[in-house]
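Chemist: Turn this into a model:
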Amino acid sequence: MRILLDECVPWPVRKLLPDHDCHTAWYQGWGGTKNGELLSLADKEFDLFITADRNLRYQQNLAARTIAILELSTNDLRRIQAAAVSLQAVVESMTAGEYRILEIP
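Modeler: Residues are numbered from 1 along each chain as shown. The predicted structure follows:
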C-alpha cells in the first residue's frame, strides 16, 4: 500500500509501517501545501493518507475522494510508537475512500 504522511505526523512513523511504501508530504515536495490541494495530489498517487489534523473532516469535502484517510488522535511520537500494533492493524484493514479515526491513549 502506498501511504502519505501529512506534515503534522512525525516522519519516524513511516518506520512503524515497514511493509508499505510510506512517504512524507515534505519528501514528496508537497511541504506547505494546503489540505485540499494536498488531498487532490495524494488521491492520484497514494492509497492512504495519515494525518493528525482533527479538523480535516470538517474543512474538506471527503465524499468524492478515493484515497483512504486515517486520522490519528495525537501526533506525539512516543504515544504513536506505543500504539504501533494498533496502527498497523488499522492500516491493514483500511479500504478505498474510508475515513477512520485511531484513538491513541
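
Chemist: wait, isn't residue 13 in contact with residue 77?
Modeler: Yes: using CB atoms under 8 Å, residue 13 makes contact with residue 77 at a distance of 7.3 Å. Every C-beta, even on glycine, is put in place using the N, C-alpha and C of the backbone.

Chemist: Looking at these two, which one has more neighbours?
Modeler: residue 13 (21 against 14; other CB atoms under 10 Å).

Chemist: Tell me if that one really is in a helix.
Modeler: Yes: checked against DSSP: H, G, I helix; E, B strand; the rest coil, residue 13 lies within a helix.

Chemist: Pull up the gap between it and residue 56, please.
Modeler: 17 Å (CB to CB, to the nearest Å).

Chemist: could you point out where this structure is predicted with low confidence?
Modeler: 58-62 (pLDDT under 70).

Chemist: mind listing the helices for it?
Modeler: For the chain, applying DSSP state H gives helices covering 35-45, 56-59, 77-82, 84-93.

Chemist: The ones you listed: which one's closest to residue 20?
Modeler: Go through the helices of the chain one by one with CB to CB and the one that ends up closest to residue 20 is helix 84-93, at 6.9 Å.

Chemist: what packs against the closest one?
Modeler: strand 68-72, strand 99-102 (3 or more CB pairs under 8 Å, 6 or more residues apart in numbering; DSSP states H and E).
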